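> how would this look folded up:
(one chain, ligands or ions: 1)
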Amino acid sequence: MFPHNPGVTYKGQLIVAEPKVLVIDLSTGEIVNIVKQDYDELREFYVITFDHLLISRRKYLLTITFDSEVSLTRRDGLYRSQYFDPVRNVTKFLAATQFAGLNARAAFVCFDEPEFIATFNVTIGRHQSFNSASNSPLIYSQLINGTDSWYWDNFATTVPMSTYLVAFIVSDYGSIESNSSQFEKSVRILAPESTIQNGYANYSLTLAPALLFTYENLFEIKYAMYKMDLAAIYDLMHVRPENLLYHPERDTEKSRFQLSQVLAHELAHQYFGNLVTSEWITGFWLKEGFATYFSFIGMNATVPEFEPLHLITTNTIQAAMEIDVLGDSHPLQFPDKENPHDTENYNSVILYLKGASIVRLMEGFLGWNVLLEGLQEYLRR
Ligand SMILES: [Zn+2]
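Below is the predicted model:
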């Protein structure tokens, strides 16, 4: 579970130097002697061997100090992203994260499996020309000792969640905040200042709270996080920025449809994927299938002009069949591979489209009310 061989790249990302490990037995206050530390490259485990067996049910404090780098080549983990600023005619850089799948371990040492739920305390150091955002609200910033222009941003403890949901961004982005009468928590769009000023964030800023309000009512569960920040990342593999930014006079209806669907899908993950998650990555079709299916329901409530309910068949079932017929098709439930990254070679579109088709099938034989009540009950537990 503890990744990274000291000095060895992990898919292009370096954890610099050997992590320093300290284990304290909390019942005696004594340091537990470590005899060996090594790395299981195949399974990405960092293995710590003690001079005696640890005692079951006793509490131990494990502290691991490590250095990690921002990747310049990857587009997941903690990486450098960029955008072009047309006002100043320059390329600007930012640091962003994409941990979904198994990439939190590329940024920090952790128990990086979806079933391990924890709270996180995030502190980010940044130059005064940048700002930062993370899952929970910023509590305070303080000048870093010995500098005159660097700050620590201290964020509130997160709600309990899986590692792959941790996210942060350090950028010179501006932000615009919603004042929705329906959805009372803060919803912000983070994007380059000029795009916000030119009105590109307004559509998402209206749609996102409306979708969150819709899901709260549908599932009868309040949105669990403190706030919602949506950041326009220009090179993110999964979500293109044009799917967060939209201008009614300069963009097409097709982009408005795509943006609506991406938002409806991602925000449905607040329930399927965040509130409940699968034990292991082999079951990720559950979160993707349900989020895809409910994106159509969410759109029907917020952008009914697209007639989304009529599109489920063509956009999921028929589209899924097109891929399913190919030689590289695979079961929805991934077989358990020894190296978890092997599943990354699968065609993940199957998870979304076939997964959503299965949920629609369930709706067909259970009926809408039974499906919804069953899900409400499941999400409440
Ligand atoms: Zn998804």
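
> what does the protein put close to the ion?
288, 291 (Cβ under 5 Å from the ion). Glycine gets a C-beta too; all of them are placed from N, C-alpha and C.

> Any regions of this protein where pLDDT drops low?
Low-confidence segments of the chain, defined by pLDDT under 70: 1-17, 235-243, 281, 335-347.

> Longest strand in this structure, by number of residues?
Secondary structure of the chain per DSSP state E: the longest strand is strand 15-25.

> State the paired neighbours of the next helix or strand along the chain from that strand in the sheet, together with their directions.
As assigned by DSSP states H and E, the chain's next helix or strand after strand 15-25 is strand 30-31. Here strand 30-31 has these sheet partners by DSSP bridges: strand 15-25 (antiparallel).

> thinking again about what came up before, for the longest strand of the chain, list the C-alpha coordinates in PDB.
Below are the C-alpha coordinates for strand 15-25, written out as PDB (Å, rounded to 0.1, in the frame of the first residue of the first chain):
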ATOM      1  CA  ILE A  15       9.400  10.000  -4.700                       C
ATOM      2  CA  VAL A  16      12.700  11.500  -3.800                       C
ATOM      3  CA  ALA A  17      14.900   9.700  -1.200                       C
ATOM      4  CA  GLU A  18      13.800   7.000   1.200                       C
ATOM      5  CA  PRO A  19      10.700   7.800   3.300                       C
ATOM      6  CA  LYS A  20      11.500   8.300   7.000                       C
ATOM      7  CA  VAL A  21       9.200   6.100   9.100                       C
ATOM      8  CA  LEU A  22       8.500   6.300  12.800                       C
ATOM      9  CA  VAL A  23       6.100   4.000  14.600                       C
ATOM     10  CA  ILE A  24       5.000   4.600  18.200                       C
ATOM     11  CA  ASP A  25       3.100   2.100  20.400                       C
END
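
> what's the most centrally placed residue in the chain sitting at in phi/psi?
Computing the C-alpha centroid of the chain and ranking residues by Cα atoms, centre = their mean puts residue 165 first, at 4.1 Å. Torsion angles at residue 165 (phi, psi; degrees, to the nearest 10) stand at phi -90, psi -10.

> With residue 66 instead?
phi -150, psi 160.

> wait, doesn't residue 198 sit right on residue 247?
Yes: between residue 198 and residue 247 a contact is recorded at 7.0 Å, counting by Cβ atoms under 8 Å.

> host element of residue 84?
Using DSSP H and E, the element containing residue 84 is strand 77-85.

> Next secondary structure after that strand?
strand 90-98.

> Which elements pack onto that next one?
Where contact means 3 or more Cβ pairs under 8 Å, 6 or more residues apart in numbering; DSSP states H and E, strand 90-98 is packed against strand 77-85, strand 168-171.

> distance of residue 80 from residue 149?
20 Å (Cβ to Cβ, to the nearest Å).

> Pick out whichever of these two has more residues nearby.
Higher neighbour count among residue 80 and residue 149: residue 80, with 17 against 10, using other Cβ atoms under 10 Å.

> and the more buried one, what does it touch?
70, 71, 72, 93, 94, 95 (Cβ atoms under 8 Å, 6 or more residues apart in numbering).

> And for residue 196?
174, 175, 176, 189.

> can we see that at 7 Å?
Going by Cβ atoms under 7 Å, 6 or more residues apart in numbering, residue 196 touches 174, 176.

> That one - that's part of a helix, no?
Yes: counting by DSSP: H, G, I helix; E, B strand; the rest coil, residue 196 is part of a helix.

> Make 425 the first number, not 1, from now on.
That works, and once the first residue is 425, the last one we named lands at residue 620.

> For the ion, see how far away it is.
25 Å (Cβ to the ion, to the nearest Å).

> Could you do residue 799 as well?
17 Å.

> Just to be sure, that residue is in a helix?
Yes: judged by three-state DSSP, residue 799 forms part of a helix.

> tally of neighbours for it?
Neighbour number of residue 799 under other Cβ under 10 Å is 20.

> What's the local residue count around the residue nearest to it when sequence neighbours are not counted?
If the residues on either side of it in the chain are set aside, residue 799 comes closest to residue 643, at 6.7 Å by Cβ to Cβ, 6 or more residues apart in numbering. Neighbour count of residue 643, defined by other Cβ under 10 Å: 21.

> Surely residue 643 and residue 800 touch.
Yes: using Cβ atoms under 7 Å, residue 643 is in contact with residue 800, at 5.6 Å.

> Got phi/psi on the residue nearest to residue 799?
phi -90, psi -10.

> show me what contacts it?
So residue 643 contacts 695, 799, 800, 803 (Cβ under 7 Å, 6+ apart).

> what residues are up against the residue of the stretch 475-624 of the chain found nearest the ion?
Nearest to the ion in the stretch 475-624 of the chain, going by Cβ to the ion, is residue 524, at a distance of 7.9 Å. With contact taken as Cβ under 7 Å, 6+ apart, residue 524 is in contact with residue 588.

> Sounds good, over and out.
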